[in-house]
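*Asks:* Structure for the following, please:
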Amino acid sequence: MARTRGGWTGGTLTVRSVLKPQDVARAVFHPAWIPQPLDPSVERLKKFRVIAGAVASLGVFTFVEGGFDFTELLENAMTASVVLLFLTPLTVGVMLWVWRRGGTVRQLRVPLLNSLLLLLLFVGCVAALLGLVQTVNGSANAAVIIGVGLTMMWMLIFTAYGAVRVSGNFFGTAATHRCLPPLLAMVTSWLVAVPDLVTGDLHGLSLTLGIVFILGAPVTVTAIALLEMGRLKRRYGIRLKAHPATPAPAPAPGPVPPIPPGMPPGMPPAGSPYLPPQGNPYGQPYAPGGQHPYAPHPHPQPPYNSGHPYGS
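*Replies:* Numbers count the residues shown, from 1 in each chain. The predicted model follows:
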């Protein structure tokens, strides 16, 4: 599954793309190996989760106490990135322990390594941007300020768009399990808020505003993430506690929809649901011989088509 589906960027970048950092960020931080969304409703929930997660990661108090400080904002983002660098593998490791009875870690090695690489890439970009800002602020040379400043502006747009992307797909962990992004969003938002709650540090805000700003984001992220995972379970049978290679349960039997005219023999009716394995969009749980979901397939697979679950 690794980067055999069009490479990391899916072949979308050109030489002219360098002039558009938002396009480069879209290709780099939402790689071709990240699965397509299951339905629009889950995507809408994800957008709300991204907004609430941004509030939790960067801190509303940056804008409230003493005005906006761009350097402080980047330092907060760097701190959050370092926390993610340790928290994300730890949380995934806990889930691997939970999934141990349903499958092996080896089956998930490729998507896990891809996600780790995406995480390291994002943390490196945030660190590079912070270094550029500090260089511009500490230099008195006009040439350095102009040259580094232009690079800094490009990196700022690139990293900002990248942050939005990785907040939605949470470093591509949906390629391992569809429920991992909302789970990681919950864990991260609470970990950011807990130290302030324990120490009672309200960042100069009143008690009411401090509680609202500190608890508001993680509570909102948790509610949206639980709703997101609930829809995945109800509509697609994807359960967080099930190993990604475990087949999703079949729906209750019902009336078989008629086969449209002109459909090739053997094709399922248009109304038949697509049953992926648990959160694993690329697995082949029904392959003969017990083939594991990331093994090479003897025949090329048809491209995934988000508009039709069986391709066209």
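
*Asks:* Report the helix or strand with the lowest average pLDDT across the protein.
*Replies:* helix 61-64 (a mean of 54; mean pLDDT, DSSP states H and E).

*Asks:* Show the subsequent helix or strand relative to that helix.
*Replies:* helix 70-98 (DSSP states H and E).

*Asks:* Now that next one: average pLDDT?
*Replies:* Summarised as a single mean, pLDDT over helix 70-98 is 85.

*Asks:* before we move on, what about stretch 37-52?
*Replies:* pLDDT averaged over stretch 37-52 gives 76.

*Asks:* For residue 190, give me its contacts.
*Replies:* 218, 222 (Cβ atoms under 8 Å, 6 or more residues apart in numbering). Using the backbone N, CA and C atoms, a C-beta is placed for each residue, glycine as well.

*Asks:* Nearest spatial neighbour of residue 34, chain-adjacent residues omitted?
*Replies:* Spatial nearest neighbour of residue 34, excluding adjacent residues (Cβ to Cβ, 6 or more residues apart in numbering): residue 172 at 4.8 Å.

*Asks:* Poorly predicted segments of the stretch 151-300 of the chain, please.
*Replies:* Along the stretch 151-300 of the chain, the model assigns pLDDT under 70 to residues 196-197, 199-206, 210, 248-300.

*Asks:* The same query, at a cut-off of 50, please.
*Replies:* 266-275, 282-300 (pLDDT under 50).

*Asks:* For residue 225, give its distance to residue 208.
*Replies:* 26 Å (Cβ to Cβ, to the nearest Å).

*Asks:* Name the residue in the two with the higher neighbour count.
*Replies:* Shown here are residue 225 and residue 208; by other Cβ atoms under 10 Å, residue 225 has more neighbours (25 against 9).

*Asks:* for the more buried one, helix, strand, or coil?
*Replies:* Using DSSP: H, G, I helix; E, B strand; the rest coil, the structure places residue 225 in helix.

*Asks:* residues touching it, list them.
*Replies:* Taking Cβ under 8 Å, 6+ apart as the test, what residue 225 contacts is 49, 182-183, 185-186.

*Asks:* which ones among these are found in helices?
*Replies:* Taking DSSP state H as the definition of helices, the contacts of residue 225 contribute 49, 182-183, 185-186.

*Asks:* Would you point out the most distant pair within those residues?
*Replies:* 49 and 183 (11.3 Å; Cβ to Cβ).

*Asks:* So between those two, which is more surrounded?
*Replies:* residue 49 (26 against 21).

*Asks:* Now do the contacts for the closest residue to the more buried one other than its chain neighbours.
*Replies:* Closest residue to residue 49 apart from its sequence neighbours, by Cβ to Cβ, 6+ apart: residue 224 at 4.5 Å. By Cβ under 8 Å, 6+ apart, residue 224 lies in contact with 45, 48-49, 52, 182.

*Asks:* Dump the residues you listed to JSON lines, plus distance to residue 234.
*Replies:* What follows is the contacts of residue 224, written out as JSON lines (distance: Cβ to Cβ, whole Å):
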{"residue": "45", "distance to residue 234": "13"}
{"residue": "48", "distance to residue 234": "18"}
{"residue": "49", "distance to residue 234": "18"}
{"residue": "52", "distance to residue 234": "22"}
{"residue": "182", "distance to residue 234": "14"}
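
*Asks:* What ranges does the stretch 151-300 of the chain have for its strands?
*Replies:* Shown for the stretch 151-300 of the chain, no strands are assigned by DSSP state E, counting those that start in this stretch.

*Asks:* Would you map the helices across it?
*Replies:* 180-199, 207-236 (DSSP state H, counting those that start in this stretch).

*Asks:* need those in a markdown table with distance to residue 89, can you?
*Replies:* Below are these laid out as a markdown table (distance: least, Cβ to Cβ, whole Å):
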| stretch | distance to residue 89 |
| --- | --- |
| helix 180-199 | 10 |
| helix 207-236 | 19 |
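
*Asks:* Residue 110 is in what secondary structure piece?
*Replies:* Applying DSSP H and E, one finds residue 110 within helix 109-138.

*Asks:* Output the contacting helices and strands for that helix.
*Replies:* Helices and strands touching helix 109-138, by 3 or more Cβ pairs under 8 Å, 6 or more residues apart in numbering; DSSP states H and E, are helix 21-29, helix 70-98, helix 142-169.
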